[in-house]
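Asks: The sequence isn't on hand, but the structure is:
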DNA sequence: GTAAGTCGTGTTTTT
DNA sequence: CACGACTTAC
């Protein structure tokens, strides 16, 4: 195969060793995707039919890109029937074929997070639980965690550790909620994200014939980003690969950043124990970044205890060291970054920088909320940018409403969809009526739509005017249901917008946002048309709306904008940047309580954040700029945080400190007797932590506390000590980090107006990192 | 039953 | 700040 010449020895070995289990440990930038694509191309070129290869990726984008790259290596036809996609989308596809075996129809709905939370809220309410304690997001988190670990409601109820954690959060009834939630999903002919995996496993476990058929079909199983798989995914893969053992997993333990959604790093760490005859390939040469960047990233990640031994190295030029900028506040940071982008930019070609395009530049941050400041500053300078993440196209209200109609038409039991659309466009059916409908539906084990359609059967008690409205709505839905079965996706969508009055309701709104919304819906229509057209190209003549819905619910990247060829700066979270590379990378917000996130306490969580920064740095090919702000506007309040502890972890040989262009304002001498260079982040990683909330303060005093930062700050920079504080609700949270402590340590918090409060510190010892 | 306005609260990362 | 829950006025 001539394309094998493009690989180094290790890569080639990993590509051509196709039989039996393989573990490919691929350091950042070591050509992981390349090995995976070439391995698949190699299999195809050896005559393995595409339909016998299953390749599981982590994102839709990764799957799409990999497929494109494979098609460039082998005749496109050979690759067409590859099973390539995310775990979720592959499972959804397989589940539709055999949905009836699990008591679902093939048109089952996939509930997204919003649907799940809404359903959970209803379930909690039904059981008379306080939604202040049983917060939908938290409850969903617990249930999701259980599902990812294959813990059924019954097993949950016997698991003392889980129950103890729930008690701590005052949630004594999670088991019942979990059970009821699953029942409601089933009744609605719906699955949530976790169910897609769980039910797939169930299908394989309960139906030997299905399992055998799949095992026979998937003679080669490949898994990308294996370090980010969870227990259920591990079981799925293991099961499928059982008879032939042609399983190839690729990953990098140093880049495991998804434990919050159940990813279990042990999957990759224990792979060789699971398959004692597994071949191990270590890709350690980084082809992406300069030596300085690789070395800086290595120095950081070596601070973590748990990792597979490996030495990532670069043989590219030494390159520039990382640079660290300090800014006054978040706006100054955005301003500074935007200025640097401008000075690098193609519109101001200077000698050696002439080759840089906006496409080469990325700004990475920990949380989506940070994007705003950058957006503003970039727009001010007319620098084109593209934001990934945040509320994606498919999460917008008008799109979700429209899709709600499609969903309910296809699956009349989809109660969450019904709740969404019943109020838009307004048709005189409100809360009161819906409460009654919901109550009757639960009592008589019917769907909402059924109750509305046959009110007499459940004894629905509404007046005749409402009854008429209900019948009007159910007739509309019946009409749509029929339409969905008789026409193709595009015709159906167009007609639906019309019949339901969604289109005219949107057209009536002539505000700027209203026009935007109407346009978005139009775009959705275009997307459907394209979807149908694409399927036609693939030889599928008839595409019902079901097929579109099936794809769309798992489509979270909104980056299909292939028509847009404008060069743009990329703005995204570090998580979203995984797997990508850019010549120039800015990493913003390097502060305690932000990066690492304020929610991290346990050492293992800090390690994950450190890996996250490792991922961020290793995205950079040539230049990497880090920055932090001393104060930052967050949640409507100013927050003051010390520079991230991770800045200490990066070997100073590979990072230089650059003075910020923004002068420190003299009228606010917050750090007047400090230079913010050396000592600013010289505080060692703390071993002790104290946290205390001060008593209530009005918003006026909250301001006063902000003003008092001077006093707190001046105490901070004693050797080995760090303090951060945050205005929180009615008080202020003061966090103190120290290396050495005594029994009667005190700290003074100065309130400008109301005097000084002295806090006696009682330390909680942090576990050693 | 709806629309507009007030109050309070809680904040990560994504399939 | 931004969103959802709740209140008040139509």
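Replies: The structure has been received and is ready for your questions. The shown structure was predicted, so the numbers you read here are calculated from the model rather than taken from an experiment. Numbering: from 1, shown residues only, chains lettered A, B, ... in the order given.
Asks: Now for residue A:360, how many residues are close by?
Replies: 21 (other Cβ atoms under 10 Å). Quick note: C-beta positions are derived from backbone N, CA and C, even for glycine.
Asks: again but with residue A:52, I slipped
Replies: Residue A:52 has 19 neighbours, counted by other Cβ under 10 Å.
Asks: Also residue A:503?
Replies: Neighbour number of residue A:503 under other Cβ under 10 Å is 19.
Asks: same question, the one 5 residues further on
Replies: Residue A:508: 11 surrounding residues under other Cβ under 10 Å.
Asks: How about the one 5 residues further on?
Replies: Taking other Cβ under 10 Å as the neighbour definition, residue A:513 ends up with a count of 9.
Asks: which bits of the stretch 101-250 of chain A sit near DNA strand C?
Replies: Residues of the stretch 101-250 of chain A lying close to DNA strand C (Cβ under 7 Å from any atom of the strand) are residue A:121.
Asks: need the strands for the stretch 101-250 of chain A, in chain order.
Replies: All strands of the stretch 101-250 of chain A, identified by DSSP state E, counting those that start in this stretch, fall at A:109-111, A:190-192, A:220-223, A:247-251.
Asks: Mean neighbour count, mean pLDDT and distance to DNA strand B for those - can I get that in CSV?
Replies: Shown next, in CSV, are those (neighbours: other Cβ atoms under 10 Å; pLDDT from 0 to 100; distance: least, Cβ to the nearest atom of the strand, whole Å):
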stretch, mean neighbour count, mean pLDDT, distance to DNA strand B
strand A:109-111, 23, 93, 10
strand A:190-192, 24, 94, 9
strand A:220-223, 25, 96, 14
strand A:247-251, 26, 95, 16
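Asks: and residue A:301, which of these is closest to it?
Replies: Nearest to residue A:301, of all those, is strand A:247-251, at 14.8 Å by Cβ to Cβ.
Asks: nearest residue to residue A:172 other than its sequence neighbours?
Replies: With Cβ to Cβ, 6 or more residues apart in numbering as the criterion, residue A:172 has its nearest non-adjacent residue at 6.7 Å, and that residue is residue A:166.
Asks: how far away is the one you found from residue A:529?
Replies: In this view, residue A:166 and residue A:529 are 48 Å apart by Cβ to Cβ, to the nearest Å.
Asks: do residue A:621 as well
Replies: For residue A:621 relative to residue A:529 (Cβ to Cβ), the value is 38 Å.
Asks: Repeat that for residue A:63.
Replies: 23 Å.
Asks: for DNA strand C, what are the nearby residues on chain A?
Replies: For chain A, the residues in contact with DNA strand C (Cβ under 7 Å from any atom of the strand) are A:121, A:633, A:635, A:636.
Asks: between these, which is closest to DNA strand C?
Replies: residue A:636 (2.5 Å; Cβ to the nearest atom of the strand).
Asks: neighbours around the closest one, how many?
Replies: 6.
Asks: Run through the residues that contact it.
Replies: Contacts for residue A:636 (Cβ atoms under 8 Å, 6 or more residues apart in numbering) come out as none.
Asks: Reduced to three states, what does the closest residue to DNA strand C within the stretch 301-450 of chain A come out as?
Replies: Here the stretch 301-450 of chain A gets closest to DNA strand C at one residue, residue A:372, 7.1 Å apart by Cβ to the nearest atom of the strand. Counting by DSSP: H, G, I helix; E, B strand; the rest coil, the backbone at residue A:372 sits in helix.
Asks: residues near it, how many?
Replies: Neighbours around residue A:372, by other Cβ under 10 Å: 15.
Asks: Quick check: the gap between residue A:275 and residue A:23.
Replies: To residue A:23, residue A:275 is 8 Å away according to Cβ to Cβ.
Asks: just residue A:77 next, same as before
Replies: On the measure of Cβ to Cβ, residue A:77 and residue A:23 end up 31 Å apart.
Asks: who's more crowded, those two?
Replies: Neighbours around residue A:77 and residue A:23, counted as other Cβ under 10 Å, are more numerous at residue A:23. The numbers are 23 against 9.
Asks: Quick check: the more buried one is in a helix.
Replies: No - counting by three-state DSSP, residue A:23 is not found in a helix; it is strand.
Asks: any idea which strand is longest in chain A?
Replies: Determined from DSSP state E, the single longest strand within chain A is strand A:620-634.
Asks: Okay, buried residues for that one please.
Replies: Under the neighbour-count criterion of 16 or more other Cβ atoms under 10 Å, strand A:620-634 has A:620-632, A:634 buried.
Asks: And the residues you listed, which is closest to residue A:102?
Replies: Looking across those and measuring by Cβ to Cβ, the closest to residue A:102 is residue A:634, at 44.9 Å.
Asks: Distance check, that closest one against residue A:338.
Replies: On the measure of Cβ to Cβ, residue A:634 and residue A:338 end up 20 Å apart.
Asks: Not counting sequence-adjacent ones, nearest residue to residue A:33?
Replies: residue A:66 (6.5 Å).
Asks: for residue A:206, same thing?
Replies: For residue A:206, the closest residue by Cβ to Cβ, 6+ apart turns out to be residue A:101, at 7.6 Å.
Asks: In this model residue A:209 seems to touch that neighbour, though I could be wrong.
Replies: No - look at residue A:101 against residue A:209 with Cβ atoms under 8 Å: they stay out of range, at 9.6 Å.
Asks: Same drill for those two, tell me which one is more crowded.
Replies: Neighbours were counted for residue A:101 and for residue A:209 using other Cβ under 10 Å; residue A:101 has more, 15 against 9.
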